[in-house]
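Engineer: Okay, sequence plus prediction incoming.
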Amino acid sequence: MLNVGKIEEGFVLDHIEAGKSLSIYHHLQLDKLDCTVAIIKNARSNKMGKKDILKVECDINTLDLDILGFIDHNITVNVIKDGEIVDKMPLTLPKEIKNVIRCKNPRCITSIEQELPHIFVLSDLKKEVYRCKYCEEKLDRRTL
């Protein structure tokens, strides 16, 4: 059995869909932070079968909850202080997401005007559909 030590202060991202932890690591830009990160892939889970876990030892304020909610709003965010869970932060689908993914429509203004931010707006909460703010191109979140 694998044993990864507990962290004293930071956060644990639990219930990540198996295989998605590296994508989350890059989207949250954890590689640019000077902190300890443990990535656990394909851990056994009674609830999910397999799951990934990210343990990050740094200030919780470095975490962009909008990006995380956009990637997967079912992830559990546990806030750790003095080695214990002190809070569980709920994730929701953000109404708008900026510069996380790029519009794939070659006719979109963002492919011509390079300095424009790539903005996607939540257009259907029930179906979890996002559309480009400029061209209305539909985004398939499963490709993240």
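Structural biologist: Received the coordinates, thanks.
Engineer: Can you list the residue ranges for helices in this structure?
Structural biologist: Applying DSSP state H to the chain gives helices spanning 21-27, 65-71, 109-112.
Engineer: Packing partners of the first one?
Structural biologist: The reference is to helix 21-27. strand 9-17, strand 36-45, strand 49-57, helix 65-71 (3 or more Cβ pairs under 8 Å, 6 or more residues apart in numbering; DSSP states H and E). All C-beta atoms are positioned from the backbone trio N, CA, C, and that covers glycine.
Engineer: okay if I get the helices of the chain as a markdown table plus mean pLDDT?
Structural biologist: What follows is these, written out as a markdown table (pLDDT from 0 to 100):
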| stretch | mean pLDDT |
| --- | --- |
| helix 21-27 | 90 |
| helix 65-71 | 90 |
| helix 109-112 | 91 |
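Engineer: give me the low-pLDDT residue ranges for this protein?
Structural biologist: For the chain, applying pLDDT under 70 flags the ranges 1-4, 141-144.
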